[in-house]
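Q: sequence isn't available, so here's the structure alone:
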């Protein structure tokens, strides 16, 4: 019905697919097969049409869920379900002064790697013909949207569970972790200043020359409990005194993730 309506058929509110309107619907969605429909609609396959509508509704449900994980991650492709190893080249290639004898020192190369493994997640609902026909309120139509939403919800859960529990990645040795009472995020700017300092002083591994990572932070990732604090740090402050001006106004866009509460 959705495809027929897009093709120009007049569909009234609450109209359902029945034996009485099936041929007219198919004539709109399969105009090239109209003659076959007249001869006998049982020879026409509508699986492609139905799957197209279903996929649109699945995608609609998927897009309804927020996906903050995309803002702080990179998507990698894999070819199969085996464990895949990803490499990053390291190098100590910073130039050094050439002495009077003209000796040029050798640089060093290394690599850093991490592994990923793809998996399959699914959910299935079974509806009988009687379920569909007796569904006066078209409640089952929402199942496709809900299935799409369930896909996005699972992706969020898998990603943020790994993020929150990734103690081997966020460590003081990797210079991407700080702790202590003064590192708490507050509107006194102290904790945020320590975080900014740590970010700007992060260094690459020794095999990479222990170089400063560099770059400018643009996002402030927080749980819902710190959303108000993050918004205040992001907002400009109309201050009477110079010392009361918010130095971080507009610097770090707040990204609020419910799963960080866990």
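A: That came in fine, so what should we check first? All values reported here derive from a predicted model rather than from experimental measurement.

Q: residue 22 versus the residue nearest to residue 123 when sequence neighbours are not counted, what's the distance?
A: Of all residues not flanking residue 123 in the chain, residue 150 sits nearest, at 5.6 Å (C-beta to C-beta, 6 or more residues apart in numbering). In this view, the C-beta of every residue, glycine as well, is placed from N, C-alpha and C. From residue 150 across to residue 22, the span is 30 Å (C-beta to C-beta, to the nearest Å).

Q: higher neighbour count, the two?
A: Ranked by neighbour count (other C-beta atoms under 10 Å), residue 150 and residue 22 place residue 150 first, with 18 against 14.

Q: what about the chain, any weak spots by pLDDT?
A: By pLDDT under 70, the weakly predicted segments of the chain are 32-50, 137-139, 238-243.

Q: which residue ranges of it form helices?
A: Here the chain has its helices, by DSSP state H, at 2-6, 22-29, 34-40, 47-64, 129-133, 142-164, 190-200, 227-234.

Q: need those in CSV (columns: distance to residue 79).
A: Below are the helices of the chain laid out as CSV (distance: least, C-beta to C-beta, whole Å):
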stretch, distance to residue 79
helix 2-6, 35
helix 22-29, 37
helix 34-40, 41
helix 47-64, 24
helix 129-133, 39
helix 142-164, 20
helix 190-200, 35
helix 227-234, 39
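
Q: what's the closest of those to residue 250?
A: Across the helices of the chain, residue 250 has its closest neighbour in helix 227-234 (6.5 Å, C-beta to C-beta).

Q: report the angle between the closest one and helix 190-200.
A: 70 degrees (axes from the mean of the first three to the mean of the last three C-alpha atoms, to 10 degrees).

Q: report all helices and strands that helix 227-234 contacts.
A: Counting contacts by 3 or more C-beta pairs under 8 Å, 6 or more residues apart in numbering; DSSP states H and E, helix 227-234 packs against strand 219-222, strand 253-256.

Q: give the buried residues for the first one.
A: By that I understand strand 219-222. Buried residues in strand 219-222, counted by 16 or more other C-beta atoms under 10 Å: 220, 221, 222.

Q: in CSV: the helices and strands packed on helix 227-234, plus distance to residue 165.
A: CSV is the format used below for these (distance: least, C-beta to C-beta, whole Å):
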stretch, distance to residue 165
strand 219-222, 16
strand 253-256, 19
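
Q: can you give me the distance of residue 11 to residue 2?
A: 8 Å.

Q: what do you get for residue 159?
A: The gap separating residue 159 from residue 2 is 32 Å, by C-beta to C-beta.

Q: spatially nearest residue to residue 164, not counting backbone neighbours?
A: Nearest non-adjacent residue to residue 164 (C-beta to C-beta, 6+ apart): residue 262, at 6.0 Å.

Q: surely that neighbour is in contact with residue 165?
A: No - using C-beta atoms under 8 Å, residue 262 is not in contact with residue 165, being 9.2 Å away.

Q: just to revisit the earlier point, for the helices and strands packed on helix 227-234, which one sits closest to residue 56?
A: strand 253-256 (28.5 Å).

Q: ok, residue 89 touching residue 108?
A: No - Residue 89 lies out of contact with residue 108 (C-beta under 8 Å); the separation is 11.6 Å.

Q: and the two? which has more neighbours close in?
A: The neighbour comparison of residue 89 against residue 108 (other C-beta under 10 Å) goes to residue 108, with 13 against 9.

Q: so who does that one touch?
A: 91, 92, 207 (C-beta atoms under 8 Å, 6 or more residues apart in numbering).

Q: what is the burial count for the spatially closest residue to the first one that is not a sequence neighbour?
A: Spelled out, it's residue 91. Leaving aside its sequence neighbours, residue 91 sits nearest to residue 109 (C-beta to C-beta, 6+ apart; 5.2 Å). Neighbour count for residue 109, taken as other C-beta under 10 Å: 12.

Q: show me which positions of stretch 90-101 end up buried.
A: By 16+ other C-beta under 10 Å, the buried positions in stretch 90-101 come out as 90, 92.
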